[in-house]
Each structure stands twice: as C-alpha cells, then as structure tokens.
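Asks: let me see the structure of the following:
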Amino acid sequence: MAVSLAAVAPGLAASDPVEARYAEPTTRYPHGVLGDDVENAALEVVRADGRVLRLRWPDTIVFEDTAPRLADLDGDGKAEVIVVESHERQGARLAVYGIFGDVLALRAATPFIGTRFRWLAVVGAGDLDGDGVAEIAYVDRPHLAKTLRIWRYAADGATVTLAPVGALPGVTNHRIGEVDIAGGLRDCGAGPEMIVASADWRRVLALTFDGSDITQRDLGAHAGRGSFATALECGDLPD
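Replies: Predicted structure coming up:
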C-alpha cells in the first residue's frame with residue numbers, strides 16, 4: 001500500500017528548518033509507553049531566520065515520541081521533519097512534515113496501526129539501499145509485533161509517495177517505560193546499517209537493506225544501552 005499526499009500548493013518553495021521540538025504537554029492519551037502519561041499536542045519548527053512555526057493537533061491526536069527528527073528526505077538540501085503521531089482510537093503512525101512558505105504542512109504519513117495504545121519506534125532515515133531515494137525505518141509495536149518496517153519516501157514536486165518496501169519480524173528497540181529508543185543508524189564504511197535488538201533483548205543486531213531484502217548480522221551480546229552506543233560507534237561487542 002502506497003500513501004500519497006499533495007499537501008502544499010504548487011509553486012511554494014520549501015524553507016529549511018534548523019530545529020524541531022514538541023510542545024504543549026497533554027495527558028489526554030494516557031498510554032505511558034515512554035515512562036509517563038504525558039505526550040504533546042503541538043509540533044514547533046524553528047526556521048533559519050529564527051521564526052517558529054507551530055502545528056497543533058485537535059483532541060483526537062497527540063505526538064507520542066521522544067523528539068522530532070530532521071532529515072533531508074527528497075535531496076533538495078532542506079530537511080523534512082519526521083514524527084510519530086497517535087490517534088485516540090487508532091494508535092500510532094509515522095508522519096513527515098515540511099515547511100512551505102509560512103506553513104508547516106503534512107507531506108506524507110503511514111496508515112495508523114489501527115488500535116488504541118499501539119505504538120511504533122523510529123530507527124532512522126536515509127538512503128538505506130544506495131539507490132538515491134530515502135527510506136524511513138521503524139519498529140512496529142516494539143513490545144508486541146516486534147517487526148521492522150521500511151518505507152520509501154519519493155517526492156515528485158508537491159506530491160510525496162510513502163510506500164512500504166521491506167519488513168522483518170523478530171526485532172525491537174524499546175521496552176515499556178523506557179524514555180529513549182535504543183539503537184539507530186550507523187555507517188562503518190560499507191553502507192548504512194540499522195542497529196536494533198533481537199526480540200528477546202539478548203543480542204544486538206545490524207540490519208542492512210538491498211532494496212528488497214533485509215539481512216541481519218549478530219554483533220554480540222546485549223548488556224544495556226552501552227552495547228548500542230558501542231555498536232553505533234562501530235566498536236566490537238563481547239559474544
């Protein structure tokens with residue numbers, strides 16, 4: 001299933017955000033997966049000239065995430081903003097925003113998971129298979145489904161297609177109550193690798209994507225967040 005969204009008026013050029021943050025804490029979605037019942041109702045993006053744009057969701061949706069992520073997904077030299085949003089009845093989705101003129105606009109989003117209090121944890125974004133087009137990776141329901149999903153982000157003017165291109169069960173990057181997300185992306189000289197944990201949290205894994213298949217490699221034993229820090233720095237882990 002590909003999700004397309006034409007969210008901006010033709011002819012409006014994107015402006016480069018330099019910072020993004022969540023704002024307006026709220027307890028209206030008491031999932032508590034990130035350690036407490038407080039999520040955020042608004043997204044703020046700081047422009048290069050210091051001006052701040054704010055997007056505020058109505059009561060049905062919150063931002064359920066550790067922090068927004070900035071990444072140039074379409075290769076135009078200007079960053080998009082990657083977030084996780086949760087709906088009061090349908091759970092989480094991945095969403096991408098961009099600045100156009102003075103508007104913070106939704107560029108594309110995955111479908112909501114479909115059930116309240118079901119979440120996803122972002123791994124990272126970049127050209128994972130070396131084809132010149134960016135992908136975004138996340139773990140779908142890291143406490144339940146424990147499935148890595150990869151979506152390809154392709155922009156054609158004002159229209160963006162976000163399409164699923166890969167999935168791998170048996171991995172995770174978060175446990176209920178943790179305030180951060182484990183792992184992320186690294187490049188140790190052979191291309192991008194996604195660093196996650198095995199589903200039972202015993203092993204640290206490096207995943208690669210070739211455009212169709214996801215391959216996993218065991219890096220060593222998991223012994224806390226330090227294991228992920230070592231892996232992300234291309235260090236060796238004990239077996």
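
Asks: can you give me the helices in this structure?
Replies: 225-232 (DSSP state H).

Asks: low pLDDT regions in it?
Replies: By pLDDT under 70, the low-scoring segments of the chain are 1-15.

Asks: surely residue 179 is in contact with residue 66?
Replies: Yes: with contact defined as C-beta atoms under 8 Å, residue 179 reaches residue 66; the gap is 7.2 Å. For the C-beta atoms, the positions are set from N, CA and C on the backbone; glycine is no exception.

Asks: pick out whichever of the two has more residues nearby.
Replies: Applying other C-beta atoms under 10 Å to residue 179 and residue 66 shows that residue 66 carries more neighbours, namely 15 against 9.

Asks: what is the burial count for residue 20?
Replies: 21.

Asks: which residues do residue 179 and residue 66 both contact?
Replies: Jointly contacting residue 179 and residue 66 under the rule C-beta atoms under 8 Å, 6 or more residues apart in numbering are residue 34.

Asks: list the contacts of residue 116.
Replies: 87, 88, 89, 90, 91 are the contacts of residue 116 under C-beta under 8 Å, 6+ apart.

Asks: now the residues you listed in CSV, with neighbour count and distance to residue 126?
Replies: As requested, these are exported to CSV (neighbours: other C-beta atoms under 10 Å; distance: C-beta to C-beta, whole Å):
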residue, neighbour count, distance to residue 126
87, 19, 27
88, 13, 32
89, 11, 32
90, 16, 28
91, 20, 26
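
Asks: among these, which are in strands?
Replies: The strands, defined by DSSP state E, take in 87, 91 from the contacts of residue 116.

Asks: max pairwise distance over the contacts of residue 116: which two?
Replies: 88 and 91 (9.2 Å; C-beta to C-beta).

Asks: so how many other residues sit close to residue 51?
Replies: When neighbours are counted by other C-beta under 10 Å, residue 51 comes out with 11.

Asks: need phi/psi at it.
Replies: phi -70, psi 150 (degrees, to the nearest 10).

Asks: check contacts around it.
Replies: Per C-beta under 8 Å, 6+ apart, neighbours of residue 51: none.

Asks: I'd like the distance between it and residue 213.
Replies: 44 Å (C-beta to C-beta, to the nearest Å).

Asks: got it, and residue 25?
Replies: For residue 25, the distance to residue 213 - C-beta to C-beta - is 41 Å.

Asks: what's across from the residue nearest to residue 165 when sequence neighbours are not counted in the sheet?
Replies: Leaving aside its chain neighbours, residue 165 sits nearest to residue 152 (4.7 Å; criterion: C-beta to C-beta, 6 or more residues apart in numbering). Counting by DSSP bridges, residue 152 is bridged to residue 135, residue 163.

Asks: who touches stretch 23-37?
Replies: 38-44, 54, 56, 59, 62, 64-66, 86, 88, 117, 119, 143, 174, 176-179.

Asks: redo that, cut-off 7 Å
Replies: Here stretch 23-37 makes contact (C-beta atoms under 7 Å, 6 or more residues apart in numbering) with 38-42, 44, 54, 56, 59, 62, 64, 66, 86, 88, 117, 119, 176-179.
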